[in-house]
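Provided below for reference: sequence and predicted model.
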Amino acid sequence: MADLNTSNFSRRRFLGAASVAATTSAYWTAESYAKIVGANDRIRVGFIGAGGMGNSHLSAFINLREKNNLEAVGVADCWTTRAETGAKKIGAPNLFSDYRKLLEIKEIDYVTIATPEHRHAEMTLDALDAGKAVYCEKPLTHTASEALAVMKKQAETRLPLQVGVQGMSDDSYISARNAIDQGVIGQVVHAQIEYVRRYDVQGLFRSKPATQDDLPKPTDLDWNAWLGSAPQTPWNPHHYHEWRCYSNYSGGIATDLFIHRLTRIMKALDLLYPRRVVGMGGIWQWPDGRDLPDNFEMICEYPRGMTVYVLGTMSNRTDFDHLIRGYRGTLYFSGQGWVAKDKDGKVLAEHKKTGAEDINLHHTNLHNHLRNGEELNCPVALGAAGAITGIMANESWRTGQMMGWDSRANKIVPCHEIEHNPFPEGKPAVRGG
């Protein structure tokens, strides 16, 4: 199993990465990137990955092509048939089985990366090195060291990097943050959110109909390219089609599902790295060869002095309110936006949302950023911190330890290795005379 902070892929990438300082809340008001394209110029797009989520990006391109003045340049996928199908779908003149060939095309303004998560970091780094802006699907990376390396490279190149947590294109969370900053619900002490589903007999992340054990490898699929830095293993159809079940390629529930929910709370509360995280759960429903939990939950404690609870049952879809608790009141999220109420139910403030969890809006946000510097809805700092938090939860589950974020060394460690002060301001509050 790969180390939680390092991996075999391109170790030279990580030289100096540990020196990257933890990014603060300034990422929301950071200086805009220089314009990559003119306000009315056509934006030229390349696509890495043309499978399930990759096809969603291809469909979004079709939806936005005329409205946003886009041009498809090429599609890359290590399964050549998929690259051909994807290129035909959007009318792209170039297709490749090696994504690096796509990156050689100078005319491309940005690339989408929609591959298994263990390939995200290397492809993102290569794209930035090639001078391309990037839309990388969540989670940004598979390990903490990869996240640091990507942040370092993005800071060096100053190229735009949008992380594919599409819920950030719903303005409810930045609106909630503004209200919380203004003291609407008082001092925040807790937040809760869930991602619950009830899977059929095939189980979480398994194909339906079931993938057969003896399904042959397509003759035009480069299996070694798909594996990348993951441990070399013979062709396995379950690994390819159901990669979210295996820790060599995915973080499972924590990084594939929780990232959508946790990032909402992080944005609403201006959170980045937790002080400590515990992950709990197990392979309780589908012991079918997977090595990641099929039911999971996590608790995160943040330096500001609050906790966040995330529930992920995949055997029962009964949900609970998504909310943030403060001393003066509670802020409740809904499909329409949010409402804040005091302890007696009096409405303190409310917001009707614009935007949505929508891939078209998320791409449009990147297009606007490229043209006029519009603030990215999910920039690298937020994407990296969310990924690292999920990685911490998984490591807690694997080891049976509470994990901490060492903010001086920028790495994940067992909690007992870092100093713990139960009072976020360094001393207890004075109560009474």
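On my side now, so go ahead.

low pLDDT regions in the stretch 51-200 of the chain?
Nowhere does the stretch 51-200 of the chain drop to pLDDT under 70.

ranges for the helices of it?
52-64, 80-90, 99-103, 120-129, 144-157, 172-181 (DSSP state H, counting those that start in this stretch).

with mean neighbour count and distance to Asp270 added, can I get those in TSV?
From N, CA and C alone the C-beta is placed, and that goes for glycine too. As requested, those are exported to TSV (neighbours: other Cβ atoms under 10 Å; distance: least, Cβ to Cβ, whole Å):
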stretch	mean neighbour count	distance to Asp270
helix 52-64	18	28
helix 80-90	19	38
helix 99-103	20	34
helix 120-129	24	25
helix 144-157	23	18
helix 172-181	19	6
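
need those in JSON lines (columns: distance to Leu271).
Listed next are these as JSON lines, based on distance: least, Cβ to Cβ, whole Å:
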{"stretch": "helix 52-64", "distance to Leu271": "26"}
{"stretch": "helix 80-90", "distance to Leu271": "36"}
{"stretch": "helix 99-103", "distance to Leu271": "33"}
{"stretch": "helix 120-129", "distance to Leu271": "22"}
{"stretch": "helix 144-157", "distance to Leu271": "16"}
{"stretch": "helix 172-181", "distance to Leu271": "10"}
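
figure out which of those helices is closest to Thr211.
helix 52-64 (13.5 Å; Cβ to Cβ).

what's the closest one packed up against?
Applying 3 or more Cβ pairs under 8 Å, 6 or more residues apart in numbering; DSSP states H and E, we find helix 52-64 packed against strand 43-48, strand 70-76, helix 80-90, helix 359-372.

that one vs strand 70-76, what angle?
Per axes from the mean of the first three to the mean of the last three Cα atoms, to 10 degrees, the angle that helix 52-64 makes with strand 70-76 is 160 degrees.

ok, and what's touching helix 52-64?
By Cβ atoms under 8 Å, 6 or more residues apart in numbering, the surrounding residues in contact with helix 52-64 are 45, 47-50, 70, 72, 75, 77, 82, 86, 89-90, 112, 114-115, 135, 137, 359-360, 363-364, 367.

if we go to 6 Å?
Residues outside helix 52-64 that contact it (Cβ atoms under 6 Å, 6 or more residues apart in numbering): Leu70, Gly86, Lys89, Ile90, Thr112, Ala114, Glu137, Ile359, Asn360, His363.

equivalent analysis for stretch 392-402, please.
So stretch 392-402 is contacted by Leu4, Gly251, Ala254, Arg276, Val277, Val278, Gly279, Met298, Met403, Ile412, Pro414, Cys415 (Cβ under 6 Å, 6+ apart).

tally of neighbours for the closest residue to Asp342 other than its chain neighbours?
Of all residues not flanking Asp342 in the chain, Gly329 sits nearest, at 4.3 Å (Cβ to Cβ, 6 or more residues apart in numbering). Residues within reach of Gly329, counting by other Cβ atoms under 10 Å, total 22.

need phi/psi at Gly329.
Main-chain dihedrals, Gly329, degrees, to the nearest 10: phi -180, psi -170.

next up, the contacts around it.
Ile185, Ala340, Lys341, Asp342, Leu348.

list buried members of those residues by neighbour count.
Buried members of the contacts of Gly329, scored by 16 or more other Cβ atoms under 10 Å, are Ile185, Ala340, Lys341, Leu348.

distance to Ala127 for the residues you listed - can I get that in CSV?
Output for the buried ones among the contacts of Gly329, formatted as CSV (distance: Cβ to Cβ, whole Å):
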residue, distance to Ala127
Ile185, 41
Ala340, 41
Lys341, 45
Leu348, 45
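
which positions in stretch 394-402 come out as buried?
For stretch 394-402, the neighbour count (16+ other Cβ under 10 Å) marks Asn394, Glu395, Ser396, Trp397, Arg398, Met402 as buried.

about what we covered before: ok, which of the helices and strands packed on helix 52-64 comes nearest Tyr199?
helix 359-372 (23.3 Å).

got the CA positions of that closest one in CSV?
Provided in CSV are the C-alpha atoms of helix 359-372 (Å, rounded to 0.1, in the frame of the first residue of the first chain):
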residue,chain,number,x,y,z
ILE,A,359,-20.5,21.0,-14.6
ASN,A,360,-21.6,23.5,-17.2
LEU,A,361,-21.5,26.3,-14.7
HIS,A,362,-18.2,25.1,-13.3
HIS,A,363,-16.6,25.2,-16.8
THR,A,364,-18.1,28.6,-17.5
ASN,A,365,-16.5,29.9,-14.3
LEU,A,366,-13.1,28.8,-15.6
HIS,A,367,-13.8,30.3,-19.0
ASN,A,368,-14.7,33.6,-17.3
HIS,A,369,-11.6,33.4,-15.3
LEU,A,370,-9.4,32.9,-18.4
ARG,A,371,-11.0,35.8,-20.1
ASN,A,372,-11.5,38.4,-17.3
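
any weak-confidence spans in the stretch 301-433 of the chain?
Residues of the stretch 301-433 of the chain that meet the cut-off, pLDDT under 70, sit at 422-433.

could you redo the last one with a cut-off of 80?
419-433 (pLDDT under 80).

can you give me the strands for it?
306-312, 322-326, 330-334, 337-341, 347-352, 403-406, 411-414 (DSSP state E, counting those that start in this stretch).

need these in CSV (columns: distance to His260).
Output for the strands of the stretch 301-433 of the chain, formatted as CSV (distance: least, Cβ to Cβ, whole Å):
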stretch, distance to His260
strand 306-312, 10
strand 322-326, 11
strand 330-334, 13
strand 337-341, 17
strand 347-352, 20
strand 403-406, 21
strand 411-414, 22
